[in-house]
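# This is a predicted model, with the sequence first.
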Amino acid sequence: MPLLGIDPPFATMGNGGPTMDMNKPKQVQWFDEPEEHNYPAARSYLSLIYPEGDADRLVERLRSAEMVSFKAKDIFRASGLSLLGVSNSHVSKNDDKIQNGVSLSPLLLVRSRTRDSVIVADGYHRLCAVYRHNEDAWIPCKIA
């Protein structure tokens, strides 16, 4: 599966050769599309909030939605969720993936008109790891 490639954090010195820019955070690598197992996970979570038929319809809308991107800090603000730290094992695993250049799966989001917020249907731990790494990072998502 191709990756949404973002150049590594290199700067150019006067001689034209690349050198590592230590002040720039390492770029997060992303898959082009959410992984297949993310959709049942989203359905499981959404079925706690919505009747099963509504949860099924939302997941189908997520499957057919186009990829978009939002900054990590904006997703947090829109969701109203609390930030988990790396003491959480899932956040820690995702943090390790970021540090090692392993691609992450895009988030699955749902706009809730009744809650006036965005529901992170799948990807909460990835969101926390990315935010911890760089709150201005762009995160690819599907949103219904």
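The structure has been received and is ready for your questions.
# For Val68, which residues are in contact?
Under the criterion of C-beta atoms under 8 Å, 6 or more residues apart in numbering, the contact partners of Val68 comprise Pro140, Cys141, Lys142, Ile143. In short, each C-beta sits where N, CA and C put it, glycine included.
# For the residues you listed, pick the one with the most neighbours.
Note: the member of these with the most neighbours is Lys142, at 25 neighbours, neighbours being other C-beta atoms under 10 Å.
# measure the closest residue to Met67 other than its chain neighbours to Asp116 for me?
If the residues on either side of it in the chain are set aside, Met67 comes closest to Pro140, at 5.3 Å by C-beta to C-beta, 6 or more residues apart in numbering. Using C-beta to C-beta, to the nearest Å, we find Pro140 at a distance of 24 Å from Asp116.
# low-confidence ranges in this protein?
Low-confidence segments of the chain (pLDDT under 70): 1-25.
# rewinding a little: in the sheet, who's paired with the residue nearest to Met67?
Beta-bridge partners of Pro140, counted by DSSP bridges, are Ser69.
# Quick one: the helices in the protein, in order.
Remark: helices of the chain, listed N- to C-terminal, are 38-49, 52-64, 72-79, 89-99, 124-133; assignment by DSSP state H.
# for the longest one, which positions count as buried?
Yep, that's helix 52-64 we're talking about. Neighbour counts using 16 or more other C-beta atoms under 10 Å place Ala55, Leu58, Val59, Leu62 of helix 52-64 among the buried residues.
# Who are the packing partners of it?
For helix 52-64, the helices and strands in contact under the criterion 3 or more C-beta pairs under 8 Å, 6 or more residues apart in numbering; DSSP states H and E are helix 38-49, strand 107-112, strand 117-122, strand 138-143.
# Going by neighbour count, list what's buried in the first one.
Going back to what we said before, that points to helix 38-49. By neighbour count, with 16+ other C-beta under 10 Å as the criterion, the buried positions of helix 38-49 are Asn38, Tyr39, Ala41, Ala42, Arg43, Tyr45, Leu46, Ser47.
# That helix to helix 52-64, inter-axis angle?
Taking axes from the mean of the first three to the mean of the last three C-alpha atoms, to 10 degrees, helix 38-49 and helix 52-64 form an angle of 150 degrees between their directions.
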